[in-house]
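A.B. asks: When you get a sec, could you give me coordinates for this:
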Amino acid sequence: MDTDMSRSYFQDVAQELGFMQVEWVAGLLSIAHLFGPSKKRCGIYLLYLDGEHFYVGQALDVVRRFAQHLRSKGSIEGFAFLPLPQSRLDADERQLIRQAEAQTIPLVNITHMSVVTGERDLDLLVPLDAQESWLAGKPQAEPTGARVIVDDAQCRRFNSRFQRFSASKHYAQVLEWLAIYLQNAIIAPWRTEYSFWSVSCLPSTGSQAIWRRSYAVNAAVMELFVVGRWSDGADPPWAFINVASDVLEDGFGSLSEVARSHPGLDLSNDRMYRDAGAHQVTLFMEDACCLPRVLADTAIQTAARTLALRVMRKRATIYAKYHCPQLAHAALDAAHK
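C.D. replies: I've put the predicted structure just below:
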């Protein structure tokens, strides 16, 4: 694409997203001249990077932020800006990213995106064609020699928690649920454990709440699957699974049909994890005894593995330091019996 076409393309995209100040900045080392003493520097910006890709971001001082991007990205061809008060930055940035993604504008953003493209770290462990095959429902064979060996110090750190958890009255039942989830929703769990997903045992998150977590499966910067117990010791355990809402809706025809097909399942959009993007919904079970039946539903299973894979492709999990190898391996062993 020649320069005139690139400029025209960038201007069209920027204006379509609602940016009024649109500048061609190829070759510039600063945009300070665009922001005099009376011009506000706080707002949302759009960068045009390489004649093809875009980046949406927020800044309290966009002149400084532009300079930081220039150092990391090498060159910036187009710049657009929308001044906003600081209180609106998070919500408007999220909305613009989702709008751009819906319009298939090629973004290099990761946070707030539902799907990321291009080569990712996960591809080094599981080739892209294997990911696509697994997502389509084809069974995956785990080589026996591919198991992650976690440092002994990590095991010792969580040994007492695991011992306490394994002595609890619902241990066998909730371990089976974890095995079912890992087997059906996590790609190549033996190989991707610790780097791309982790499971915490008796985490402190929400430890003072009415419902307390027994374990949580995490990827990137979010929870995927959580099982817990009531603070008063009442039965049965509760659980929730985060799944891809677009895939779930395709499978059932509507989200309301999911609840009709699975009594006891409550659908919620309250959490809205940043790494899950626009297409996410939480399936909450006050009585988690229905979990095996829920995860046996092909449409729910596909929605669960789709969201998990989308998130794992974004980045490594930040929760590796809270990973309990004993719990992970007990569940993986149970899944392959």
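
A.B. asks: Could you use CA atoms for every contact and neighbour count after this?
C.D. replies: Will do.

A.B. asks: does the residue nearest to Leu255 when sequence neighbours are not counted belong to a helix or a strand, and which?
C.D. replies: Using Cα to Cα, 6 or more residues apart in numbering and skipping residues adjacent in sequence, the residue nearest Leu255 is Glu249, 5.4 Å away. If you go by DSSP states H and E, Glu249 is part of helix 245-252.

A.B. asks: Show me the contact partners of that helix.
C.D. replies: 254-255, 258, 279-281, 299-300, 302-303, 306 (Cα atoms under 8 Å, 6 or more residues apart in numbering).

A.B. asks: Ok, stretch 128-148 next?
C.D. replies: 187-188, 190-194, 302, 305-306.

A.B. asks: Show me the helices in this structure, by range?
C.D. replies: Shown for the chain, the helices assigned by DSSP state H span residues 3-16, 62-73, 89-102, 128-135, 152-157, 159-166, 171-185, 189-192, 245-252, 255-261, 291-296, 298-314, 325-335.

A.B. asks: Do I have it right that Pro212 meets Ala234?
C.D. replies: Not Pro; residue 212 is Arg. No - counting by Cα atoms under 8 Å, no contact exists between Arg212 and Ala234, whose distance comes to 11.7 Å.

A.B. asks: Of those two, which one has the most company?
C.D. replies: Comparing Arg212 with Ala234 by neighbour count (other Cα atoms under 10 Å), the higher total belongs to Arg212, at 21 against 8.

A.B. asks: Give me the below-cutoff pLDDT ranges for this protein.
C.D. replies: 1, 141-146, 206-209, 232-233 (pLDDT under 70).

A.B. asks: Tell me how it divides into domains.
C.D. replies: As assigned by automatic domain parsing, the chain contains the domains 3-109, 124-335.

A.B. asks: so can I have a markdown table of the ones you listed showing distance to Val115?
C.D. replies: As requested, those are exported to a markdown table (distance: least, Cα to Cα, whole Å):
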| stretch | distance to Val115 |
| --- | --- |
| domain 3-109 | 9 |
| domain 124-335 | 6 |
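
A.B. asks: deepest of these, which one?
C.D. replies: domain 124-335 (a mean of 18; mean count of other Cα atoms under 10 Å).

A.B. asks: Please state the offset of that domain from the chain centre?
C.D. replies: 12 Å (Cα atoms, centre = their mean, to the nearest Å).

A.B. asks: now the end-to-end length of it.
C.D. replies: Start-to-end span of domain 124-335 (Cα to Cα, to the nearest Å) is 24 Å.

A.B. asks: Next: stretch 71-81.
C.D. replies: Stretch 71-81 has an end-to-end distance of 19 Å (Cα to Cα).

A.B. asks: quick one: Glu101 from Pro325, how far?
C.D. replies: Going from Glu101 to Pro325 by Cα to Cα gives 37 Å.

A.B. asks: related to what we said a few turns ago, could you give the angle of the helix holding Glu249 to helix 298-314?
C.D. replies: Orientation of helix 245-252 against helix 298-314 (axes from the mean of the first three to the mean of the last three Cα atoms, to 10 degrees) gives an angle of 160 degrees.

A.B. asks: Next up, the contacts around the residue lying closest to Thr317 once chain neighbours are set aside.
C.D. replies: Nearest non-adjacent residue to Thr317, counting by Cα to Cα, 6+ apart: Ala220, 3.8 Å away. Residues near Ala220 by Cα under 8 Å, 6+ apart: 196-197, 275, 311-312, 314-319.

A.B. asks: Could you rerun that using 10 Å?
C.D. replies: Each residue near Ala220 by Cα atoms under 10 Å, 6 or more residues apart in numbering is listed here: 195-198, 275-276, 308, 310-320.

A.B. asks: now swap in Thr111 and tell me
C.D. replies: 94, 97, 221, 273-277, 311, 314.

A.B. asks: same check, this time on Pro85
C.D. replies: With Cα under 10 Å, 6+ apart, Pro85 has these contacts: 40-44, 60.

A.B. asks: try it again with 8 Å
C.D. replies: So Pro85 contacts 42-43 (Cα under 8 Å, 6+ apart).

A.B. asks: Start at 28, not 1
C.D. replies: Let's use 28 as the start, then, which means that last one is Pro112.

A.B. asks: If anything else comes up later, I'll come back, but that's it for now.
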